[in-house]
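sequence first, then the predicted structure, then my questions.
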Amino acid sequence: MNGVMPPVAALTALSSGVLGGVFFGFSTLVMPALHRLPTPQAVTTMQQINAAAPGSLLMVPLTTSAAGSLAVAAWALTGPGVHGRAWLLVGAGAGLACFAVTAAYHVPRNDALATWNPTATHTGDLWATYLRGWTAMNHVRGALGVAAAVATTVGLARGWRG
């Protein structure tokens, strides 16, 4: 095993696992709580959460998982004698997919939500659609984060035994 890459892969797995946990918690705790609020209050709260997210510590595992997944994929594809290569590639793919779902699905919807008037008459229908789709895709990215953590960890373990 390359001396630098195992710690990078371990940090990537940890970051991916943190993301999976955060997304799971958001889907199973925060979104159901917002669903129980009156629409104007729920929309305003989600707007505030989305405004705070880019400057939050959540960006550390999000960017570490994505960048680490790229590095792990490159290592697994080009490193000589990398044991656990298939597991590392699955982990890297899941980590990159988690980031892609965030960038391609959640960010555009959050940007659109930022423009809504919480008290407009049509906002209730928009919110119901947003809540359903956003939460479902959040389950997906949470599962991808956990899958990335598990697969990368298994790949590392296979490498140590290699």
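It's in.

give me the phi and psi angles of the closest residue in space to L14 that isn't next to it in sequence.
Distance criterion Cβ to Cβ, 6 or more residues apart in numbering; nearest residue to L14, sequence neighbours excluded, is A149 at 7.3 Å. Where C-beta positions appear, they are placed from N, C-alpha and C, glycine not excepted. Phi and psi for A149, reported as degrees, to the nearest 10, are phi -60, psi -50.

from now on call the first residue 33
That works, and once the first residue is 33, the last one we named lands at A181.

mind listing what A181 touches?
The contact partners of A181, taken as Cβ atoms under 8 Å, 6 or more residues apart in numbering, are 45-46, 48-49, 52, 123.

just put these in JSON lines and tack on pLDDT and secondary structure.
Formatted as JSON lines, the contacts of A181 follow (pLDDT from 0 to 100; DSSP: H, G, I helix; E, B strand; the rest coil):
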{"residue": "A45", "pLDDT": "98", "secondary structure": "helix"}
{"residue": "L46", "pLDDT": "98", "secondary structure": "helix"}
{"residue": "S48", "pLDDT": "98", "secondary structure": "helix"}
{"residue": "G49", "pLDDT": "98", "secondary structure": "helix"}
{"residue": "G52", "pLDDT": "98", "secondary structure": "helix"}
{"residue": "G123", "pLDDT": "98", "secondary structure": "helix"}
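
now rank those residues by neighbours and give me the top one.
Neighbour counts for the contacts of A181, by other Cβ atoms under 10 Å, peak at S48, which reaches 33 neighbours.

how about the contacts made by it?
S48 neighbours (Cβ under 8 Å, 6+ apart): 93, 97, 100-101, 123, 126-127, 130, 177-178, 180-181, 184.
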